[in-house]
Each structure stands twice: as structure tokens, then as C-alpha cells.
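**Student:** Here is the input, now give the coordinates:
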Amino acid sequence: MPESITPHTRKVGLIGWPVGHSGSPRMHNAAFAAAGLDWVYLPLPVPVDPAQRIGEAVRGLGALGFQGANVTIPHKQSVMSHLSGISFVARAAGAVNTLTVAADGRLEGDNTDVWGFYSVLEEARWQARRGAALVLGAGGSARAVLTGLLEAGCRNVRVHNRTRVRAENLIRDFRELYPEATLQVVGSGREVWETGREVDLVVNSTSLGMDPNVGTCPVGADFPWRSGQWAYDLVYNPPTTLFLHRAGQGGARCIGGMEMLVRQGARSFEIWAGQRPDLDLMRRELKLHLGLKTDG
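**Tutor:** The predicted structure is shown next:
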């Protein structure tokens, strides 16, 4: 937190329930201080019940002088009905995680998870337009992943989920938005294995492998990982999941979820403050929050 907060301090925050575990306040406040900005990022716990509480909370942002806010579980979808405008990317992803309060009080919604997800792949030089991807899971995170892949130009995406109907519904929604793409549901474990031999990117958008359930994995031990393939896990705690461990042993190049978390936060920072934050600093602060070792 800043050493002093005055009436001139610009305010943003994190709306969710609960929010006490989040590393975003530490990450953003360190970045604001490093940039010499008189800003503060505050935790804003908003309970689920009563249902209208989320609407009351976001409508109060402007009156309280906030510049915007991040939105996390469980309000990413329910907040959308209370906004003046929503970006195409956020509508495609079916969720808003970043709010901006305009000068006239209008509330604008965006989804920086999408940018955070794909910017990591872009920096790693994964060729979206020539690539094929397998997405594991069909929840809210999977929607952000599909939006990122399709917006980047990937036109060959398969989706696997334990409940097939959820994967089918997800594919149906995205076929309407991206009719030029080849989108398919992968059903049985055998089909997942065969798909693994064909795609060059496998993304885990489920919570399998997350602490404390570190012994779980969204694919079997016999999954056909290979050299040149990419494995991307949205789980960030632990930094190296069983999914990534097995992928690395099979020769695949691995990306952990922490980088996406840092990048989506950095994109929100840029939207609000109009400048890019220190990514290395945000990365280090998040690691410290999680009790992980840092490089310095």
C-alpha cells in the first residue's frame, strides 16, 4: 500500500468474493509506486448475496472517485448487465475482468485475460495462423483462451471437457462468432490422445493440478508429448504443475499460468494509467505474495 493516501490519490481496486488471497493489490501498488504515480489499488470484497449487490457496487465506483476496477470470481459474468459498454473481446469471452469509469460516469468493460493469455504465446513466437490447439476445459477460462486463440488468427481448435455437453455449447457459441474457424469437440480419452499427436499447442484451462490438489492432471500419463510442442497451464500455483512436468519430460516447451496473471494485470494498469508498468517488478511481487523464490 502507498505510504499516504490523499484526496488526490487515484483509486482502482479488485471486486470479488473473497479477495483477501489475491496478489493483485501488492502487484499493482508496487507498480504504481515504481512509476511515480499517486494511485492506490484496493481490495473491494462484494458478497454474492443479495444478488443486486454487484450492481450497487459498480455503480458506486464513479461516485467514490474510482478510475476503474478489476473483477474476479464470482462476478465476471454478472457484472456485464450493469455496464454501459462492453468490448467485443469481453463479449466473446463471456466475461469482464476490467472496468473503466469514463469522465461522464459511464462504465466500460473489457477482458484483459484474453490479452494476457495470448501475449505470452506471441512473445514465445507460437505461430497462431499455422498452429492447431487443444483446449482442456470448457469453463470461463476456456472462453478467454478460445477468444485469444481465434482473435490471434488460429483457425484449428479442439476442445475437450469431462462433461461433453459443456464443450459442445462452447463450440457452438464460438462457431457463430468465428464461422471461418474449424472448431471440434474431442470426446473420449483415446480421441484426446490422438489429438495430442496432431496439435502443436495444448492448454489446460481447468483447475486440475492447482494447490492443494497437485497430484491431478487433465491428461493421462501416456499423453504423446513431443519436442516442438507447447504446453500452457493456466494454473499458477504451483508454478510447475504435474501437467507441465509431464509435458517437459516429453520434450514440450512449457508455459505456466503466472505469466498470464502478470500480463493481464499489466494490461489493466495500462488501460487505466495510460502507460506500461514494470513487468519484472510485478512478476517479482506476485512471486513474493505466493511465497515463491525470486531471482533477486
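
**Student:** where exactly do the helices run in this protein?
**Tutor:** For the chain, the helices defined by DSSP state H cover 24-34, 53-63, 88-93, 112-123, 140-151, 164-177, 189-198, 242-249, 257-273, 279-289.

**Student:** and the last one, what does it pack onto?
**Tutor:** What it means is helix 279-289. In terms of contacts (3 or more Cβ pairs under 8 Å, 6 or more residues apart in numbering; DSSP states H and E), helix 279-289 is packed against helix 24-34, helix 257-273. C-beta coordinates here come from the backbone N, C-alpha and C atoms, glycine included.

**Student:** Out of the ones you listed, indicate the one that is most buried.
**Tutor:** helix 257-273 (a mean of 23; mean count of other Cβ atoms under 10 Å).

**Student:** ok so, going back, could I get the helices and strands packed on helix 279-289 in CSV, plus columns for mean pLDDT and distance to Arg175?
**Tutor:** Converted to CSV, those look like this (pLDDT from 0 to 100; distance: least, Cβ to Cβ, whole Å):
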stretch, mean pLDDT, distance to Arg175
helix 24-34, 97, 34
helix 257-273, 97, 25
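
**Student:** Turn the ones you listed into CSV, including distance to Ser119.
**Tutor:** Below are the helices and strands packed on helix 279-289 laid out as CSV (distance: least, Cβ to Cβ, whole Å):
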stretch, distance to Ser119
helix 24-34, 16
helix 257-273, 5
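
**Student:** Out of those helices, which is closest to Pro50?
**Tutor:** helix 24-34 (25.4 Å; Cβ to Cβ).

**Student:** Any regions of the protein where pLDDT drops low?
**Tutor:** For the chain, residues meeting the criterion pLDDT under 70 lie at 296.

**Student:** most centrally placed residue in it?
**Tutor:** Note on the chain: the residue nearest the mean C-alpha position is Asp113, at 3.4 Å, using Cα atoms, centre = their mean.

**Student:** Tell me the spacing between that one and Asp104.
**Tutor:** Computed as Cβ to Cβ, to the nearest Å, the Asp113 to Asp104 distance reads 27 Å.

**Student:** try Ser141
**Tutor:** 33 Å.

**Student:** cool, and Arg158?
**Tutor:** 44 Å.

**Student:** who's more crowded, those two?
**Tutor:** The neighbour count for Arg158 versus Asp104, taken as other Cβ atoms under 10 Å, is higher for Arg158 (23 against 7).

**Student:** my guess is that one meets Glu194, correct?
**Tutor:** No: using Cβ atoms under 8 Å, Arg158 is not in contact with Glu194; the gap is 10.2 Å.

**Student:** First-to-last residue distance for stretch 249-257?
**Tutor:** Terminal residues of stretch 249-257 lie 19 Å apart, using Cα to Cα, to the nearest Å.

**Student:** In it, which residues are buried?
**Tutor:** Neighbour counts over stretch 249-257 (16 or more other Cβ atoms under 10 Å) mark Ala252, Cys254, Ile255, Gly256, Gly257 as buried.

**Student:** Next up, the contacts around Arg129.
**Tutor:** Ala152, Gly153, Cys154, Arg155 (Cβ atoms under 8 Å, 6 or more residues apart in numbering).

**Student:** Most neighbours among those, please name it.
**Tutor:** Cys154 (24 neighbours).

**Student:** which ones are touching the nearest residue to that one once chain neighbours are set aside?
**Tutor:** The spatially closest residue to Cys154, leaving aside those adjacent along the chain, is Ala128, at 4.3 Å (Cβ to Cβ, 6 or more residues apart in numbering). The contact partners of Ala128, by Cβ under 8 Å, 6+ apart, come to Tyr118, Leu121, Glu122, Leu149, Ala152, Gly153, Cys154.

**Student:** Let me know whether the last one touches Val135 as I believe.
**Tutor:** Pointing back at Cys154 there. No: using Cβ under 8 Å as the test, Cys154 is too far from Val135 to be in contact (10.4 Å).

**Student:** Report how many residues lie close to the residue lying closest to Asp211 once chain neighbours are set aside.
**Tutor:** Excluding its sequence neighbours, the residue lying closest to Asp211 (Cβ to Cβ, 6+ apart) is Asn237, at 4.9 Å. Residues lying near Asn237 (other Cβ under 10 Å) number 18.
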